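> attaching a predicted model along with its sequence, questions to come.
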Amino acid sequence: MDAKEEVRSRLAIEDVIGEYVQLKRKGRYWFGLSPFSSEKTPSFSVNPEKNIWHDFSSGRGGDIFAFIMEIEGLDFRGALEMLARKAGVELQKFSGNSKVNADKKKRYLEANVWAKKFFQSNMVSSKPAQEYIFKKRRLSVDTAAEWGIGFAPDGGGLVQFLLGKKFTDSELKGAGLMSLRGYDMFRGRMMVPLSDSQGQVVGFTGRIIGEGEPKYLNTPATLIYDKGRQVFGLYNAKEAIRKSGVAVLVEGNLDVISSHQAGVKNVVACAGTALTLDHLKALNRLAGNIYLGFDADKAGIAATERAIGLAQNLEIDLFVIEMPAGAKDPDELIQQDIKLWQAVVERPKSAVQWVIDQYARAVNLDSAEGKKQLASAATKVIAKLRDPVEAEHYLKQLSKLIDTSLDSLRSKVAGGEAAPQKVLKKTKVEGFDAARRQNTLLFLNQILAIALSKKDLRSILNNLPDAYLTEVLAKVKYHLLGKRLEIDQELSDKLNELEMVAEKIAGDKRLAMLGFMKELESLEIAKQRDKFMSEFANADEADSKKIEILNGAVKNLNQTIKTLKKTGPNDEFTGLFAIWDSRKDNDVV
């Protein structure tokens with residue numbers, strides 16, 4: 001038995017999910033309100049016999065690991081580690097070559113727990129620390145307790161304290177608590193624990209109290225702390241981020257703590273480093289909207305530009321929170337008036353627009369040189385965008401702002417000389433957004449669930465193109481069509497999940513299945529058409545052959561959409577059948 005199965009065997013799925021969802025038993029299943037939507041009628045179900053769950057409101061489902069990945073915003077490894085601790089499973093037993101590192105990580109985590117207690121104890125007995133934390137920083141006692149805030153005394157003492165707890169010099173250096181010369185890493189500082197997404201203390205950030213440099217000092221990279229992955233405050237903020245659908249990313253750890261104290265709890269920070277793709281991935285697991293609360297200085301603009309580039313690899317909508325004059329950061333604004341911070345969070349601006357605005361303010365737009373400088377800076381930002389519709393939007397705005405033709409700006413984006421003008425028909429291109437993908441998944445689940453429950457309808461699956469399917473859904477399709485496949489755990493879990501879906505579908509199953517197939521075809525054909533329209537709009541005018549092919553493809557797909565809408569005297573699926581017959585004639589599977 002591998003680690004995953006060992007963990008699964010020790011935990012009851014209804015108990016784990018029951019920590020997040022109020023479940024009530026109805027027959028074989030447990031039901032509750034979806035934690036992923038704001039529904040009022042329970043559609044979230046758990047099947048203990050098969051160790052699976054399904055959320056009918058969002059189309060999500062899977063096993064106990066899939067639930068923890070969704071609800072906690074973790075990757076699979078993080079979910080496995082979290083559930084392993086809950087189940088009392090030692091993962092190192094399943095990987096001999098990692099046992100040494102696992103033992104070290106365990107000791108480092110234990111050392112950090114004791115260090116946190118040491119710092120908290122010293123804060124209670126230090127009047128200067130209390131003056132700084134409670135009066136100058138205006139943090140409440142409850143906030144200090146919630147975030148584990150403490151104080152590293154000027155004279156040190158942590159190393160001796162931990163040596164007395166039977167930790168070795170090597171372990172303390174490995175945990176980042178002892179300097180290479182054997183002294184305390186942190187002295188004379190307000191200490192804030194750095195927790196991972198599961199609440200474990202993996203390091204610390206220390207803010208100097210009084211004079212001295214550096215102002216902030218963070219734990220160095222260790223086996224348990226990687227600043228390129230660490231998102232400060234994520235453990236405290238993840239519930240608020242998930243509920244709001246927005247993650248507010250600021251620069252300073254104290255900005256985060258002040259914001260939470262002010263009631264804006266979906267706020268996190270990079271852990272004293274530049275924003276990375278891993279930071280965005282961690283937040284993207286919980287929300288599709290990220291608001292940046294960076295300074296409007298040169299470094300802040302550069303950080304926002306970098307974020308725009310990184311966000312293109314993910315399904316993220318990026319915005320910027322504009323700080324009003326007289327406040328350089330969220331903490332300072334909160335000290336002025338909590339309502340001011342709450343208000344600016346509610347009025348974000350598109351990140352691309354914000355960057356362009358910052359560059360526009362820095363140049364003289366009445367001069368040719370100023371227009372040139374803005375055009376160069378702005379087109380570099382716009383060139384990062386992968387969505388051609390979004391890029392075109394900002395190019396048009398820039399064109400009006402500096403009174404320059406779109407073609408000249410397009411040529412700067414492309415990095416070449418302006419090409420001869422080409423007259424194109426205006427088109428409206430709708431992106432294949434997250435909502436469309438979500439509907440595709442919902443329709444596919446319903447179609448396959450009906451086929452699973454009604455053998456006489458399974459032949460309809462021959463008309464379901466493989467291109468529409470994920471890997472596991474393709475396995476389901478061919479399993480239902482009678483192809484001999486190995487029933488692995490992934491396929492088994494999906495079939496069990498689809499059984500639950502099938503029980504919820506009422507009425508005429510044939511009409512329901514054809515209805516879902518028609519909706520699915522409409523989404524997928526529109527997706528393909530929009531893709532070709534985007535390519536057409538951005539095609540090199542010199543490539544007349546490609547333009548001709550793309551134009552023809554778009555026309556054909558528009559005709560297909562019209563065909564799909566056709567109905568007959570006795571049913572509404574005449575167009576659907578015509579499309580399927582056409583595919584058979586062209587030998588399209």
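Nice, I can see it. Numbers count the residues shown, from 1 in each chain.
> what about residue 359, how many neighbours?
By other C-beta atoms under 10 Å, 17 other residues sit near residue 359. All C-beta spots, glycine's among them, are computed from the backbone N, C-alpha and C.
> no wait, residue 376
Using other C-beta under 10 Å: residue 376 sits among 11 other residues.
> does it count as helix, strand or coil?
Look at residue 376: counting by DSSP: H, G, I helix; E, B strand; the rest coil, its state is helix.
> so for it, what's the nearest residue that isn't a sequence neighbour?
residue 412 (7.0 Å; C-beta to C-beta, 6 or more residues apart in numbering).
> which secondary structure element is home to the one you found?
For residue 412, the element it lies in under DSSP states H and E is helix 406-414.
> how is residue 484 assigned, secondary-structure-wise?
coil.
> just the pLDDT at it, thanks.
Residue 484 is assigned 81 on the pLDDT scale.
> what does residue 168 give?
96.
> strands along the stretch 251-400 of the chain, start to end?
In the stretch 251-400 of the chain, the strands defined using DSSP state E, counting those that start in this stretch lie at 267-270, 289-293, 317-320, 349-350.
> redo the ones you listed as TSV? Include mean pLDDT and distance to residue 526.
Below are the strands of the stretch 251-400 of the chain laid out as TSV (pLDDT from 0 to 100; distance: least, C-beta to C-beta, whole Å):
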stretch	mean pLDDT	distance to residue 526
strand 267-270	94	36
strand 289-293	95	24
strand 317-320	94	21
strand 349-350	96	25
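> between these, which one is nearest to residue 279?
Closest to residue 279 of those is strand 267-270 (C-beta to C-beta; 5.7 Å).
> any stretches of the chain with poor pLDDT?
For the chain, the stretches with pLDDT under 70 are 1, 93-100, 271-273, 415-438, 534, 536-542, 568-571, 585-589.
> can you work out which other helices and strands pack against the longest helix anywhere in it?
As assigned by DSSP state H, the longest helix anywhere in the chain is helix 509-537. Identification of packing neighbours for helix 509-537 by 3 or more C-beta pairs under 8 Å, 6 or more residues apart in numbering; DSSP states H and E yields helix 388-402, helix 434-453, helix 544-564, helix 574-585.
> which of those helices sits most buried?
helix 434-453 (a mean of 19; mean count of other C-beta atoms under 10 Å).
> re the thing from before, quick one: which of the helices and strands packed on helix 509-537 is nearest residue 352?
Nearest to residue 352, of all those, is helix 388-402, at 5.5 Å by C-beta to C-beta.
> the closest one vs helix 509-537, what angle?
Orientation check (axes from the mean of the first three to the mean of the last three C-alpha atoms, to 10 degrees): helix 388-402 against helix 509-537 gives 40 degrees.
> how many neighbours does residue 9 have?
For residue 9, the neighbour count with other C-beta under 10 Å is 11.
> my error: substitute residue 55 in the last question.
22.
> show me where the stretch 1-150 of the chain has strands.
Going by DSSP E, counting those that start in this stretch, the stretch 1-150 of the chain shows strands at 24-26, 29-32, 44-47, 52-55, 60-62, 150-152.
> what pairs with the first one, parallel or antiparallel?
Spelled out, it's strand 24-26. Next to strand 24-26 in the sheet, as set by DSSP bridges, lie strand 29-32 (antiparallel).
> how far away from the center of its chain is the strand it pairs with?
27 Å (C-alpha atoms, centre = their mean, to the nearest Å).
> picking that back up, residues contacting the residue nearest to residue 376?
The contact partners of residue 412, by C-beta atoms under 8 Å, 6 or more residues apart in numbering, come to 375, 376, 379.
> just to revisit the earlier point, report the distance from the longest helix of the chain to the chain centre.
Distance, centroid of helix 509-537 to centroid of chain: 26 Å (C-alpha atoms, centre = their mean).
> got the angle for it vs helix 574-585?
Between helix 509-537 and helix 574-585, the angle comes out at 70 degrees (the same axes, to 10 degrees).
> for the closest residue to residue 558 other than its chain neighbours, grab the count of nearby residues.
Nearest non-adjacent residue to residue 558, counting by C-beta to C-beta, 6+ apart: residue 529, 6.5 Å away. By the measure other C-beta under 10 Å, the count of residues near residue 529 is 20.
> against residue 404, how distant is residue 529?
As judged by C-beta to C-beta, to the nearest Å, residue 529 and residue 404 stand 32 Å apart.
> next one: residue 165
68 Å.
> neighbour count for these two, which is higher?
When residue 165 and residue 404 are compared on other C-beta under 10 Å, the one with more neighbours turns out to be residue 404, at 17 against 11.
> isn't residue 576 up against residue 516?
No - between residue 576 and residue 516 there is no contact, the gap being 10.8 Å when judged by C-beta atoms under 8 Å.
> now tabulate the strands of the stretch 251-400 of the chain in TSV and tack on distance to residue 306 and mean neighbour count.
Formatted as TSV, those follow (distance: least, C-beta to C-beta, whole Å; neighbours: other C-beta atoms under 10 Å):
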stretch	distance to residue 306	mean neighbour count
strand 267-270	11	26
strand 289-293	10	23
strand 317-320	11	22
strand 349-350	16	16
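> could I get those as JSON lines with distance to residue 76?
Listed next are those as JSON lines, based on distance: least, C-beta to C-beta, whole Å:
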{"stretch": "strand 267-270", "distance to residue 76": "22"}
{"stretch": "strand 289-293", "distance to residue 76": "23"}
{"stretch": "strand 317-320", "distance to residue 76": "25"}
{"stretch": "strand 349-350", "distance to residue 76": "33"}
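> closest to residue 251 out of the ones you listed?
Among these, strand 267-270 comes nearest to residue 251, with 6.3 Å by C-beta to C-beta.
> rewinding a little: give the buried residues for the longest helix of the chain.
509, 512-522, 524-527, 529-537 (16 or more other C-beta atoms under 10 Å).
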